[in-house]
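**Student:** fold the following for me, if possible:
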Amino acid sequence: MINSEFRAIVVDLFDTLVRWEPERLPLMEINGRPMRTTMPWIFPRLQQRLGSAFDLSGFIDIYTGVLEEIALERERDGIEITCWERFVRTLARVSAVPSDEAEEFAEELTRIHMNQVRAVTTAPSQRVEAIRRLAPHYRLGLLSNFDDARCGREVLADTGVAELFEAVIISAEVRLRKPDPRIFRRMLAMLGLAPHEVLFVGDTPRDDVWGAYQVGIPTVWISKGAATLPEGIPEPRFIIKELSELPQVLGLLG
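**Tutor:** All right, here's what the predicted structure looks like:
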């Protein structure tokens, strides 16, 4: 029997609907640590634009400092700070690009970065099929922490099922991030539903499970094989290993 408790299913994007594969990015040592990064595409453009003013190690120091600063602001304030803003801040501190040109150049660097992010993101067919099976029975929404709205929506479009989602929020569009309750309330408002009428599906215990719990939305945790939830995370309604299992959990057999 189909589960009629819920009127809508809202899913996370990265590592829930689509698979982010950073292991396909080049490995580069940054500040003494090996990292998978898009910087091998960014650095040549910086070199071309800045010429002799471009200092690789200095840029890396400034950029990683900005990353740490943004991480603290996100955690403290529950806000999204976009990839574009990350580059704007970095360029301002590099002081090698005129201020009236920095925003446009930051957008160019953002697109270079995001094109590579998109290139290493795939939509597994079994996950896409799960969405197709759910769509006739539930209203669908998507709520993602992602720092570039354009790329987020392109990644969703690449799945081939974007049209099945009637409510979509990318954190970069609303300047809020999960687990902040405000972004979940925005999704509820878009759907016009009460929390108990919505089932939220995600893979990140704190952002997805705890975040939705704060506003009373039942959850599905995609455990990816993890044995237990971290301490302090409320028990989800369902635990699955893959989005492809959700239709069966909700009674959609065959």
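
**Student:** what does stretch 49-63 contact?
**Tutor:** The contact list for stretch 49-63, computed with Cβ atoms under 8 Å, 6 or more residues apart in numbering, reads 30-31, 43, 46-47, 90, 93-94, 96-97, 105. For the C-beta atoms, the positions are set from N, CA and C on the backbone; glycine is no exception.

**Student:** low pLDDT regions in the chain?
**Tutor:** The model of the chain has pLDDT under 70 over residues 254.

**Student:** most distant residue from the centre of it?
**Tutor:** Ser52 (35.8 Å; Cα atoms, centre = their mean).

**Student:** so it, which of the three states?
**Tutor:** helix (DSSP: H, G, I helix; E, B strand; the rest coil).

**Student:** what two of the contacts of stretch 49-63 are the furthest from one another?
**Tutor:** The most widely separated members of the contacts of stretch 49-63 are Asn31 and Phe105, with 23.5 Å between them, by Cβ to Cβ.

**Student:** between these two, which has more neighbouring residues?
**Tutor:** Neighbour totals were compared for Asn31 and Phe105, and Phe105 leads with 18 against 10 (other Cβ atoms under 10 Å).

**Student:** name the nearest residue to the more buried one, ignoring sequence neighbours.
**Tutor:** Computed as Cβ to Cβ, 6 or more residues apart in numbering, the closest residue to Phe105 that is not its neighbour in sequence is Val97, at 5.6 Å.

**Student:** repeat that for Pro40.
**Tutor:** Pro40 sits nearest to Pro26 (Cβ to Cβ, 6+ apart), 4.9 Å away.

**Student:** residues near that neighbour, how many?
**Tutor:** Neighbours of Pro26 under the rule other Cβ under 10 Å: 12.

**Student:** related to what we said a few turns ago, could you check how far the residue farthest from the centre of the chain is from Ala194?
**Tutor:** Here Ser52 is placed at a distance of 61 Å from Ala194 (Cβ to Cβ, to the nearest Å).

**Student:** same thing with Phe105?
**Tutor:** Taken as Cβ to Cβ, the span from Phe105 to Ala194 is 46 Å.

**Student:** buried ones in the strand or helix carrying Val155?
**Tutor:** Secondary structure from DSSP states H and E places Val155 in helix 149-158. Residues of helix 149-158 classed as buried: 149-156 (neighbour count, 16 or more other Cβ atoms under 10 Å).

**Student:** could you pull out the strands for the stretch 151-254 of the chain?
**Tutor:** Using DSSP state E, counting those that start in this stretch, the strands found in the stretch 151-254 of the chain span residues 167-170, 198-202, 219-222, 238-240.

**Student:** including distance to Met190, could the ones you listed go into JSON lines?
**Tutor:** JSON lines is the format used below for these (distance: least, Cβ to Cβ, whole Å):
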{"stretch": "strand 167-170", "distance to Met190": "4"}
{"stretch": "strand 198-202", "distance to Met190": "11"}
{"stretch": "strand 219-222", "distance to Met190": "18"}
{"stretch": "strand 238-240", "distance to Met190": "23"}
